[in-house]
Structures are given as structure tokens and as C-alpha cells.
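Undergrad: Please work out how this folds:
(2 chains)
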Amino acid sequence: MQLNNFFKFNGGVQPEENKTLSTGLPIARLPIPKKLILPLRQHVGQVAKLKVKPGDQVLKGQMIAEADGSVSAAIHAPTSGKVIKISQEIIPHPSGLPDFCITIEPDFKDTWIEKKPILWKKIDRTQLIEAFIKSGIVGLGGAVFPAHMKLRIRQTQPISTLVINAAECEPFITCDDILMRERADEIIQGALITQTILGAKKCVVGIENNKIEAYEALKKAAQETSIEIRVVPTLYPSGDAKRLIYLLMGIETPNDKRSTDLGIQVFNVATVAAIYRYLELGEPSISRIVTITGAVKTPQNFEVLFGTPLSDLIDAAGGSLTKQKKFIMGGPMMGFDLPSIDVPVTKAMNCVIESSPELFPAPKPVMPCIRCARCADACPVNLQPQELYWFSKSSQLEKAREYNLFDCIECGCCSYVCPSNIPLVQFYRYAKSEIIAQDKSKEAANTARERNEFRLARIEREKKERAERHAQKALGAQDKEGQDEKKSTIAAAMERVKQNQQENIKN
Amino acid sequence: MENRSPYIVNAPSISIIMLKVLLALIPGIILYVYVFGLGVIINILLASITVVLTESAILTIRKLPIKPFILDGSGLVAAWLLALSIPSIAPWWIIVLGTILCIIFGKHLYGGLGYNLFNPAMVGYAILLISFPSIMTHWQTPSNLMIVDASWLDQIKVIFNSNLLSKKTLDAMTSATPLDYIKTQLSLNQPLAMIQHDKIFGFVSGRGLELINLGYLAGGLYMLKEKIISWHLPVAFLTTLFFSAWLFNFFAPDTFASPLFHVMSGGSILCAFFIITDPVSGPTTPRGKIYFGTAIALLVLIIRLFGGYPEGIAFAVLLLNICVPLIDSLTQPRIFGHR
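TA: Numbering: from 1, shown residues only, chains lettered A, B, ... in the order given. As a prediction, this is how the structure comes out:
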């Protein structure tokens, strides 16, 4: 497996991979659990709109919540059964807060709704995008961005290159690796379909050089296609889209732009496989491959229905080996602690690692920063983490922004190499949220100020108007008085005439 | 719920980094002993004991935990560098006083580890040089140049109580450094070629001194290999020193010594690899490091050639320490995706 020419970004780290832990066994299918809990928000954007109510019978693949607006994704029933409740449940999110979920009680018949493959070559683009809005497919690499948004084409900047992200650079995670080994054909077919839909001239797959079997499988599947499989070095965070584009093409995506502005679109391998299944087989997004690894008995990859409680997955992996029962979602570099083992598997869940003190020791005591700049050497964005740390720590938020805090991708390379054990990324997350909050309150204050000015202006205007009205009225009254005078004069004259006439009659 | 990722780290602790710096000094120290005798070991021991006691006292006053801040080793590094910078025959209280001043004024008054604006060892050295110029410029004679035989015991005597030694032995033990000698002889209008015929000169610089500098060089290369320091600082410093000295030497070879002499004299090598590489008081950006090293080298040469002191490293380093925030802010590297 030969490395292709590549463009090295600054820094990056090479943590121990720990990938072979979970690649020993093939993908296993997890049996249908006793209940499925499907959060309405499993994607970036608007919460999906409910289409069922408690008591409804649903079929496998039936849409149970639809995309609300364009930045949203649909949710489908992963198996047939009955909707038993719609309630707030704990979801796998760093906040640990509950969110609305549909709970389905499976009937274990697993009856499919009628599958309707889509004749994507025959229908026009608008119809195709409409169809994708109903697919429920989101980016399965972890970003969970609705796929139909990424398939839309802008007239101003056509897509020239489709990059398939097969880097999977985080330690422990092997769900993409195993998918490539076992379902390379689906991925290549999906990539070809996606390339055609986007109208891209080129399709490049970027894969790290530690996935030899996956590479061979992809190579074989792509033999008679124009898809190029390129090997990039095993260097975290090569799987970050902007970093991967640079590795493959030497193109730096400007900080204020997206790669699509440069005509490059990136899809994860699992996402294009899902696109293939949706279009060719008519299966919406109802399951994914999840790596369960770490301190479980038999680390392995499972195909898991969305909504499956994590505890079922843990049991399937032979159960936990620790007393603490701490689980991390994602990889050790960017993952987070799961609030409970009752959380459901979602579209974003690529990997669950059971933590143990041996695998992830408690952080060592923090020492002062000695400005050794190892963090700067490791930063793939070429930031100066030591400066950002000072500014974040001393709440010099404007300074932090000036030093481009918002370019930080929170990959964790800086903390990984810090001799003083400073939790740098936490400081940046804090500073970012503070700045965002400040901006919001500033905006709110501005709005309030504008409203107040508007109100004062209105009061002023009304006052003026009232004064004018009064003045008008006063003028009107004067006129009336004048008119009255005339009237009385006329009346008096009339009276006199009458009197005269009467006198004349008398005479 | 806490998001404490990354869950894994792979970094040497500060203690390990400082230990490697101390380790890198060992070859130079061994050669120092070989050339000048045991005096330097006494000084290093005195400095080490003083630094541990002083830091413990200050940490207690500052209500900080003692163990982690003694074990980080940064105090020891500063103390050793100071001990290597002063004449090894200086009386014992020089190094003790210097170490105390270096730790108090150079380090803890600014906030301790990670907060010092100035290189602590150079703060200590500068205070000593200004306060005790005579002691600080009387260097020991290399052992093989001594007219009178002085035993290793005499080295200890001269440090703790020089009254125990005869005037003759004392005189024999002290001599000027090559940098100092050139400066005074040039002021007496001697041509450089004549001056450099003196027995204190070796192949390129001071006899014996050049050997010690090679020892420091070996340690410096070890630190580069271990990624304790980055190449920018030593390379910028040494090349600038070399080429600017070459320029002077090229136009006036009778007055200005060779570039190699300057690189291998005084504290050049120690400065290049051990002193300006102090991360806390130095710049952090790659370009900043190059400017920093370059500017220090120019100042060192200017002080050596035209200043009042034979060696200018301490002043050059302290002056440039002041400029570090400015250098850093002006040399921010281009960020990915920015033009």
C-alpha cells in the first residue's frame, strides 16, 4: 500500500490507533430490541416534524417524522411496531439534556413498507432533491448534515470534485473501515451515483494508510470506474474535511468559505453507501454501523437500528468489563461522556468506547503553561494555542477572537501534546461560547436600543400629531364660532324681516 | 455532563523536559572538570542546594504546593546555567547569592514557573556582574596552563576561603578569558595576530574553553534530536554571530577576531542551545524565534567588540526578553485558510 503524493498540513498527531481491537470480527446484526427510542433531532438544523401519534401502527421504513424546512431530515421507523409514546428522553448529546423522542414497541415481524427504488437517472433534479428530503440520510461521519442539502447544485459554482472521506482518523473507531472491507461495492456504487448527481468531473477517495484491507477492497470494487483511491498518511486529524481536501489536492479552503465554494464536495463512505441503498433499493436511513470497543468483552462492529438502547449494544458486545460503566461516544480525541447507558443509538453515533482507567487515565494535575509551543507545532490549523489559552483564561475575549479562536476545530491535538496537562480545548469551548453569548446579548441590546429609539420616536410623533390635531380642532372651533355668528346675524335679520312682515300684516 | 476530550495525552512532563536539559549539560560539565578542575562541581552543588531551599521557602510563603514545583526541575536548570556562567573559582557566596537573586527576582516575583518575563539565570548573572565585576571577570586558568601546581583541594579552598592559599597559587589560578584578553590588549594597541599568540589561545578560541563548548554543542544536538528545543533559535543565533563576525573580520582582520573564534568563545554555544531556548521568556512563533536569535547574536557581537564588557550574552538576552511580546504579536504565522 503505497502512499500517494500528498500535501502535508501543519502539525497533526499520531496517537496509538487501537483499531485492531474491533476489526477482528465481521459486522454483526444486532437483534431487534424491545423498544426503540428515536429522537426527533438527530441532524443539524430544524427538529423533524411529527407524523405519527401514540397508538399508531408503523411499518419498517415508514416515515414517522418529516423534514421541517430545508435544513432538516426525516426520521423513519427502523422496524414495524406500535408507537407507544412521544416524550422527552435522555439523548446522546454532550449537554446530557433530554429531548423529544418517539418510542416504538416493535412487533418483531419486521414488515417493510413497500420499498420504492428511485429511478434517479430518469427523474429531474428537483424531484430527486424532493426524494432525498424524504430519505432521512445525513452525514454519517459524525457531522449529521442533511444529505439533500449537500446534493443541491448552485448555478454559480458547479461541483468539480467529489471527495469521499475514508480517512477515519480517530483512534478506536473502525465502523467505516469495516464497512469498506465488507461493502466496498455499495460505497463505490454510491460514490458513482453521488458523482453523477453532483455532475462532478472527478471522484477521489481519501483513505489513511493504516487500512490496508479496506483499501484493497475499495481498489477492487473501483477497478472499472474512474474513481481514484488515494492513500494519505495516518495523521490525525486527516479526516477533517478541510484537512483531507488539503492532503489530497493541496487546496486550502479559505476560512470564510466552504469547500463547495471551490467546487469540492465531501461525503463520508457510510453516507454514500446509504445513498446507494436509498436510491437503488428504496431503503431509507434506518440503521448504521456502530463500533463498540474499549473495555467491553468483545469489541466489534454492529449494524444497529436507530433508536436501539445503548445497553442492548453493550450486551451484544459481551457486556462491560469495568465497575465504573463509563461510555464515550465518538473517538478519544473529540468524543464525549455519555450521560447514561439508556441513550439510544442515533445517526451521529459512529463509535462507543467503554472507558477504563487503563485506557483513559484520569487527567494529571495541571501545571502552568511554559510556552513551549508544542501545541502550536501540533495545531493542524496553524493557530497559536498558547496565546489563545492566555486570552481565554484571562477572559480577553476580543483578543482571542482576533487571534482567530473561531478557526479552531477542537480536534484536541494541542491538549494531546501539552506537557503541562492543560485542558486547552475546554478553554477554547468556554471562550467560544462566551463570545457567542456576548454577541447575542450585544445584538439583543442593540435590538432593544433600536426598539426604544423607535418607541421614543413614535411617542414624539404621536405627541406632535396630537398637538397638530388639537391645533386643527382649535382652528375648527374658531371657524364654527365664526359660522355661528354669521348664522345668528342671518337669524336676527330673518327675525327682523319676519317682525317687519308681521308688522306689515298688522298694519 | 462534561466534555473533557481529548481523553488521551502523549506528552513528556515538564520534569522530563527539564531533566533532559540537565542531561544535555553533562558532557559540557565533564569537559569543564577535565579542563578546569572540580570547582564547577562545587558551584553546581551549591547552586542546586540553594535553589531547592529558596524555592521551598518562597513556595511556602506563596502558599503553593512545594513538591510539584520543585520536581518540575525548572529551578535546577536555571541554577545549573548560572553555575556554569560564573568563574568556578569565585567564592562560594557568589553562586549562593546569585542563585537566590535569580530565583526570587528572576522567577517568583513574576509569578513563578511559566510567568517570568526574563531568563532567570541571566537575571542572576547580570546582577552579579554589575555588583561584583572584579570577581565575575577573574576566570580560572586551565589546569594544563598552571605554572604552579594547584591540587583539587586548592580549588575547594579558593571557593570557601581563599586566605588558605598563597598569593602565588592564587595568581596562578586566575587568568583572563580570551575575549577579555583581546579586549584589554587591543586597547593597548597590540595587533590581533600577536595577541592571539598568547598561550591561553587554542585552535580557534580559548584553550580548553573550545573543548567545553564542543561538549555543550553535543548536548545541544541531543536536545534537538529529543525535540526539547526547536532548531530556529540556535541556528539563527549561531549563523548570525558567525556571519556578522566574519564581516568585521573580513574588513579589519587586525582588529576583529575570526568568526569561528566568536562562535566558540565565551558562552556562545551555551547561549545558543541552553539560554535563549528558555521557552518561558522567549518567543513562541517560528519566525519570532529566528528574529530573537538573530537580534541577540548581533547585540552579543556589538557588546563584545565595542562594549564595556568582554561578554554580552546576559545583557543581550535580557534586552530581547523585553521585546518578546512584541516579536510574538508581529510574527503570527499564517493560519490555515487565511490569506
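Undergrad: low-scoring stretches of the stretch 401-507 of chain A, by residue?
TA: A:479-483, A:503-507 (pLDDT under 70).
Undergrad: Most proximal residue of it with respect to chain B?
TA: Nearest residue of the stretch 401-507 of chain A to chain B (C-beta to the nearest C-beta) works out as residue A:412 at 3.5 Å. Quick note: C-beta positions are derived from backbone N, CA and C, even for glycine.
Undergrad: what's near enough to touch the residue nearest to that residue when sequence neighbours are not counted?
TA: Of all residues not flanking residue A:412 in the chain, residue B:6 sits nearest, at 3.5 Å (C-beta to C-beta, 6 or more residues apart in numbering or on different chains). If you count contacts by C-beta atoms under 8 Å, 6 or more residues apart in numbering or on different chains, residue B:6 has them with A:332, A:333, A:334, A:412, A:415, A:416, A:425.
Undergrad: The same query, at a cut-off of 10 Å, please.
TA: Counting by C-beta atoms under 10 Å, 6 or more residues apart in numbering or on different chains, residue B:6 touches A:13, A:15, A:170-171, A:236, A:331-335, A:360, A:363, A:410-416, A:418, A:423-425.
Undergrad: now the helices for the stretch 51-200 of chain A?
TA: A:125-133, A:147-151, A:175-198 (DSSP state H, counting those that start in this stretch).
Undergrad: So which of those helices is nearest chain B?
TA: Nearest of these to chain B, taken as C-beta to the nearest C-beta: helix A:175-198 at 18.2 Å.
Undergrad: near chain B at all, the helix or strand following the closest one?
TA: Sequence-wise, the next helix or strand downstream of helix A:175-198 (DSSP states H and E) is strand A:202-208. No: using C-beta under 10 Å from any C-beta of the partner chain, strand A:202-208 never reaches chain B; the gap is at least 17.1 Å.
Undergrad: What helices and strands are in contact with strand A:202-208?
TA: The contact analysis (3 or more C-beta pairs under 10 Å, 6 or more residues apart in numbering or on different chains; DSSP states H and E) places strand A:202-208 against strand A:161-166, helix A:175-198, helix A:212-221, strand A:228-232, helix A:241-249, strand A:264-268, helix A:269-276.
Undergrad: Can I get those in CSV including mean pLDDT and mean neighbour count?
TA: Shown next, in CSV, are the helices and strands packed on strand A:202-208 (pLDDT from 0 to 100; neighbours: other C-beta atoms under 10 Å in any protein chain shown):
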stretch, mean pLDDT, mean neighbour count
strand A:161-166, 96, 26
helix A:175-198, 95, 23
helix A:212-221, 96, 18
strand A:228-232, 95, 20
helix A:241-249, 96, 24
strand A:264-268, 96, 25
helix A:269-276, 97, 27
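Undergrad: can you tell which of these is closest to residue A:294?
TA: Closest of these to residue A:294 is helix A:175-198, at 14.0 Å (criterion: C-beta to C-beta).
Undergrad: Tabulate the helices of the stretch 51-200 of chain A in JSON lines, adding columns for distance to residue B:16.
TA: Formatted as JSON lines, the helices of the stretch 51-200 of chain A follow (distance: least, C-beta to C-beta, whole Å):
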{"stretch": "helix A:125-133", "distance to residue B:16": "54"}
{"stretch": "helix A:147-151", "distance to residue B:16": "46"}
{"stretch": "helix A:175-198", "distance to residue B:16": "34"}
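Undergrad: and the contacts of residue B:6, which are buried?
TA: Among those, the ones that count as buried by 16 or more other C-beta atoms under 10 Å in any protein chain shown are A:13, A:15, A:170-171, A:236, A:331-335, A:360, A:410-416, A:418, A:423-425.
Undergrad: what residues does the stretch 101-250 of chain A put near chain B?
TA: Counting by C-beta under 10 Å from any C-beta, the stretch 101-250 of chain A sits next to chain B at A:170, A:171, A:172, A:236, A:242, A:243, A:246.
Undergrad: Just flag the most distant two among those.
TA: Maximum pairwise distance among those (C-beta to C-beta): 24.5 Å, between A:172 and A:246.
Undergrad: Can you identify each of the strands in the stretch 1-150 of chain B by residue range?
TA: B:139-140 (DSSP state E, counting those that start in this stretch).
Undergrad: Phi, psi for residue A:109 please.
TA: Residue A:109 adopts backbone torsions of phi -90, psi -20, taken as degrees, to the nearest 10.
Undergrad: do residue A:354 as well
TA: Residue A:354 adopts backbone torsions of phi -80, psi 120, taken as degrees, to the nearest 10.
Undergrad: can you check residue A:309 too?
TA: phi -60, psi 140.
Undergrad: got the contact list for it?
TA: When contacts are counted by C-beta under 10 Å, 6+ apart, residue A:309 touches A:33-37, A:89, A:315, A:340-345.
Undergrad: Please, a PyMOL command that selects the buried ones among those?
TA: The buried residues among the contacts of residue A:309 can be selected in PyMOL (16+ other C-beta under 10 Å) with this line:
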select buried, chain A and resi 33+35+36+37+89+315+340+341+343+344+345
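Undergrad: Next, count neighbours for residue B:317.
TA: Neighbourhood size, residue B:317 [other C-beta atoms under 10 Å in any protein chain shown]: 27.
Undergrad: Tell me how far the spatially closest residue to it that is not a sequence neighbour lies from residue B:236.
TA: Closest residue in space to residue B:317, ignoring its immediate chain neighbours: residue B:122 at 4.7 Å, by C-beta to C-beta, 6+ apart. Using C-beta to C-beta, to the nearest Å, we find residue B:122 at a distance of 18 Å from residue B:236.
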